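>>> structure of the sequence below:
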Amino acid sequence: MPSIAENLADPELIETTWDLTPLVDGDPENGVERQLEEAFERAGVFAAAHAGQVAELDAAGLARAMHELEAINELVGKAGSYASLRFAVDTGDAARGALLQLVQERGTAIETKLLFFELEWAALADERADQLTSDDALSFCAHYLRSARRYRPHLLTEPEEKILAEKAITSHSSWARLFGELVAALTVTVQEEQIPLDVALSRLLGPDRDARREVAQAVSQALEPGLRTRGFIYNTLTYDKSVDDRMRSYPHWLAARNLSNEASDESVMALIEAVRGRFDIPQRWYTLKARLLGVDRLADYDRSAPILPEDVTFSFAEARELVLDTYDSFSTDAGRVVRRFFDERWIDAPVRPHKRGGAFCAYAVPSVHPYVMLNFTARRRDVLTMAHELGHGLHAALAQPQGVFQQSTPLTLAETASVFGEALVFGRMLDAAPSEDARLSLLAERTDGAIATVFRQMAMNRFEHLVHTHRRSEGELSVDQICDAWVVSQSELFGDSVEMTDGYRMWWSYVPHFINSPGYVYAYAYGQLLALSVYGRYRLQGPSFAPAYLGLLSAGGSRSPEDLAAMVGIDLADPGFWDAGLGLVEEQLKAAEALAGTS
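So this is what the prediction gives:
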């Protein structure tokens, strides 16, 4: 089996890079500025034609206006996607950073010209808005228009909205960019070798405990010098959010996120309480895992360790073929779409200095195609990450015909396709396991993943809650207070099953979600539990399930979350839904416990 170093030097992996030229119509030199200039001009013409007149539009007139807004959004979206994706793979390049800033500034200028439309639409009487959105001419944007009206209590006057939009460039956007650049520039020194943070974190999946301890200590040492700066950024952005929430009359720090997710405060609290009420599941698992690893108690750096000493690696080609064959076996239509990501350079996979950490799928714009970013380190978990992000990619590609306004779903459904795809590939791995020990090893890794996605993300939600509420009631937090909030939230998750090292208290400080998308993380738990339920339906129905599932993905965000889930037989209004999803996670744990008892 090739070593990780050999796999990372694989020419196929190194050459798996994006072709971003479709986003600028094949003109990387001038495409961005040309698109932004056209969008700015069209926005001015649109404003001259429609400002103060939205209430007078009939269905046909509103449809024409929305199609023009769609075209403007496509232009801005292509320019923005090109700039942000180029920056993501090299955050240290000053020219790429400057282009991203240019897009943000020009994009804001275009946004301010068009702000009147949202405000005038929200001001319409409900009866008139319902009549308009029921017309077939507006089917391409009806759900979007209905959803936009939910923000009516939180909108400000047009001059105020323009000021906030303009100032966002020098407030949230700039601080978030700085945080991203600081984290991307981090290097970790392990045995005199300097490696990117993502590579160091991947070594925590290795079988040697001493090596894991050394890497964890090195990560903590790398995080410490810039901790005060990252803490200041977090303090600044939590206060910035509190100001925005106060001005918009949001009752609590999570309210705006819930609204954007089309989820009621009550349903989100039900999810949070249900998951926090079952922290016994991760604690049971970590206690069992300690026994399997032959230690009295796990340390934080042991949580993702393999339970068998083999260090399973995959070449990029092996990972690609396993993922492609799995999607193709589920549905040839799905397999055909996923294959295009590899064949047409929609993926950027190598680890590089200054490349953004983690993995993501960018929907880009419906007129082009989505892009997937990976940091492939040849671990088995990287194969599941590939399957996960290509699930997002499949969702985005199938929903392209929905157009700009209705391609994307709320975050609460955004993880459905990704977790489902990951589950398909895991099932294939489990079926191919050559022994009971190998099955247990896979189940252990899968249980680690479920706990990270459901329970750890909910602990992160608790951390955010502590920071945001403290910042609003007591003022700026010291770095120690932020670290204390992290320890409190993690202690609730771990109980007595995991020992936290001193350095682990700083590990909140590289997580981008806290900075870029406050409140985002509970959507992972929501999406995981929903996707497990969807996967459970597939196991019951078999191949006949595929058309309904692909129909769900193709619908994008054209319906409410409840209506979308109903397409595959899921009732999100069922009070026992979350408990049922958590029961599926516990089933996985019980299977591991049973195998551990016989291994």
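
>>> do a quick rundown of the helices in the stretch 151-300 of the chain.
158-168, 172-184, 197-202, 209-223, 227-247, 255-260, 265-276, 280-293 (DSSP state H, counting those that start in this stretch).

>>> how about the ones you listed, which one is nearest residue 152?
Nearest to residue 152, of all the helices of the stretch 151-300 of the chain, is helix 255-260, at 10.9 Å by C-beta to C-beta. C-beta coordinates here come from the backbone N, C-alpha and C atoms, glycine included.

>>> helices or strands up against that closest one?
The contact analysis (3 or more C-beta pairs under 8 Å, 6 or more residues apart in numbering; DSSP states H and E) places helix 255-260 against helix 227-247, helix 265-276.

>>> let's go with 7 Å and repeat that
Counting contacts by 3 or more C-beta pairs under 7 Å, 6 or more residues apart in numbering; DSSP states H and E, helix 255-260 is packed against helix 265-276.

>>> tell me the buried residues in the helix it packs on?
For helix 265-276, burial by neighbour count (16 or more other C-beta atoms under 10 Å) applies to 267-268, 271-272, 274-275.

>>> looking at the residues you listed, which gets the smallest pLDDT?
Comparing pLDDT over the buried residues of helix 265-276, the lowest score belongs to residue 267 (89).

>>> residue contacts, that residue?
Listed by C-beta atoms under 7 Å, 6 or more residues apart in numbering, residue 267 has no contact partners.

>>> how much space between it and residue 274?
11 Å (C-beta to C-beta, to the nearest Å).

>>> before we move on, the earlier item: most tightly surrounded among the helices of the stretch 151-300 of the chain?
Compared across the helices of the stretch 151-300 of the chain, helix 197-202 shows the largest average neighbour count, a mean of 21 (mean count of other C-beta atoms under 10 Å).

>>> now that one: average pLDDT?
91.

>>> export stretch 332-342 to CSV, keeping only CA atoms.
In CSV, the C-alpha atoms belonging to stretch 332-342 read as follows (Å, rounded to 0.1, in the frame of the first residue of the first chain):
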residue,chain,number,x,y,z
THR,A,332,-26.8,6.0,-13.7
ASP,A,333,-28.2,9.6,-13.9
ALA,A,334,-26.4,10.5,-10.6
GLY,A,335,-23.3,8.8,-11.8
ARG,A,336,-23.2,10.6,-15.1
VAL,A,337,-23.5,14.0,-13.3
VAL,A,338,-20.8,13.2,-10.7
ARG,A,339,-18.4,11.9,-13.4
ARG,A,340,-18.5,15.4,-15.0
PHE,A,341,-16.8,16.9,-11.9
PHE,A,342,-13.7,14.9,-12.7
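
>>> among the helices of the stretch 151-300 of the chain, which is nearest residue 47?
Short answer: helix 158-168, nearest of the helices of the stretch 151-300 of the chain by C-beta to C-beta, at 11.1 Å.

>>> spatially nearest residue to residue 122 (excluding sequence neighbours)?
The shortest distance from residue 122 to any non-neighbouring residue, by C-beta to C-beta, 6 or more residues apart in numbering, is to residue 152 (4.4 Å).

>>> my guess is residue 14 contacts residue 349, does it?
No. Assessed by C-beta atoms under 7 Å, residue 14 is found out of contact with residue 349, at 8.6 Å.
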